[in-house]
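Peer 1: prediction below, plus the sequence it came from.
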Amino acid sequence: MAENNNNNNNQTNGAAPPKRGLFGKKLTKQEWKQVSLKRNQMAILNRQTPFVIREAYKIARTNIIFSVSGSGSDDCKIIALTSANPGEGKTTSALNLAITFAQTGAKVLIVDGDLRKPRIHQYLGVVKTDGLSTILSNQKTFDEVVYRDIRDGLDCLASGSIPPNPAELLASDAMKQLLDMLKTRYDYVFIDTPPVTVVTDAAALSSSVNGLVVVVREGFTNHESVEHALNLLKIAKAKILGFFVNDIDPASANYGAYRKSYGRSYGYKYGFGYRYNYGYNYGYKYNYNYSYGKNYAYHYGDKPEMTDETSGGANFTAGETAPDMNTDMNTETKIEKE
């Protein structure tokens, strides 16, 4: 009873309850940073990722290569990823696609173009203080803020501090000049952009990229929101490369299973993945039974910016090679202490 009373008093006084981990152990801020970073690492491709997921991304890679092969004469292809709503997996999809392309030996850059709610830095454990917005506002150069060889040869450009005018920055001449410069250095550039039905950032950027991939999530995205997103992109004359169908249940997919033995049997769907991220197709399913409604705008509302201390970011130095993160997930990830 005493514990309940204390909790009630804390809630009444507006104090947040203590953060506790497994078995009720109270975790320090440094321990929570490690837990957050480890959780985010689990969502991106690593040596422990099941075969079916890795193969699904390779299929997506092949489809994207063919899709952009005739889109202009530039050797470098710039591909933006967006979604209809928040929470559909566009950030992890963009990051994992970039990693899959980098594994071929291509020069690949992942750019966090979501200048309102950036997330890339949380998955890679980098600091987002300097990045895209810093370059576009002429505060620093690309070489001063880029993270090199962050994962499997992949370079990363974080978002930078959140600016007051994200859409204008992405549509600015400075952004076009930056992309022109990146074309001389990379084979592929992937840009994670905000949901298209929430803000206009992705549409504003569409004229400067080779194409957009729209991420939809099975059982989460409804037909109306996808149709609305397509209409907005059509108005912006965006080239849609295809749809990345996310969180597919293999049992409900309309494709035959393919079983292959790699020490154990895996069943997966062509173009789809194993109940996590994955797949890539040129159509989408109409039988979404979950109505997301209009309760997504708060994701991009005026909220206090999450600091690097609470976001799970680690203090790596931009312009230098980051520590190897392609390690066994049971190994502790070292984060610089403050």
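Peer 2: Structure's in. What do you need?
Peer 1: any idea which helix is longest in this protein?
Peer 2: helix 51-68 (DSSP state H).
Peer 1: and the contacts of the helix or strand just after that one?
Peer 2: As assigned by DSSP states H and E, the chain's next helix or strand after helix 51-68 is strand 77-83. With Cβ atoms under 8 Å, 6 or more residues apart in numbering as the test, strand 77-83 has contacts from 64, 68, 71, 89-90, 93-94, 97, 113, 179, 182-183, 187-196, 202, 205-206, 208-217, 221, 229, 241, 244. The C-beta positions use only the backbone N, C-alpha and C, and glycine is treated the same way.
Peer 1: which of those residues are buried?
Peer 2: 64, 68, 89-90, 93-94, 97, 113, 179, 182, 187-196, 202, 205-206, 208-217, 221, 229, 241, 244 (16 or more other Cβ atoms under 10 Å).
Peer 1: taking these one by one, which sit in strands?
Peer 2: Among these, DSSP state E puts 188-192, 211-217, 241, 244 in strands.
Peer 1: which of the residues you listed lies closest to residue 144?
Peer 2: residue 189 (18.2 Å; Cβ to Cβ).
Peer 1: okay, and the beta partners of that closest one?
Peer 2: residue 78, residue 109 (DSSP bridges).
Peer 1: tell me how far it lies from residue 134.
Peer 2: To residue 134, residue 189 is 18 Å away according to Cβ to Cβ, to the nearest Å.
Peer 1: kindly report the same for residue 84.
Peer 2: 29 Å.
Peer 1: now swap in residue 231 and tell me
Peer 2: 34 Å.
Peer 1: quick one, which of those two is more surrounded?
Peer 2: residue 134 (23 against 12; other Cβ atoms under 10 Å).
Peer 1: and for the nearest residue to the more buried one once chain neighbours are set aside, the neighbour number?
Peer 2: Distances taken as Cβ to Cβ, 6 or more residues apart in numbering place residue 160 nearest to residue 134, at 4.2 Å, with adjacent residues excluded. Here the number of neighbours of residue 160 (other Cβ under 10 Å) works out to 24.
Peer 1: just for this protein, where's the confidence low?
Peer 2: Scanning the chain for pLDDT under 70 picks out 1-27, 29-42, 70-74, 250-338.
Peer 1: which residues in it form helices?
Peer 2: Going by DSSP H, the chain shows helices at 2-12, 29-42, 51-68, 90-102, 120-124, 132-136, 142-145, 166-170, 173-183, 201-205, 223-235.
Peer 1: thank you kindly, that will do.
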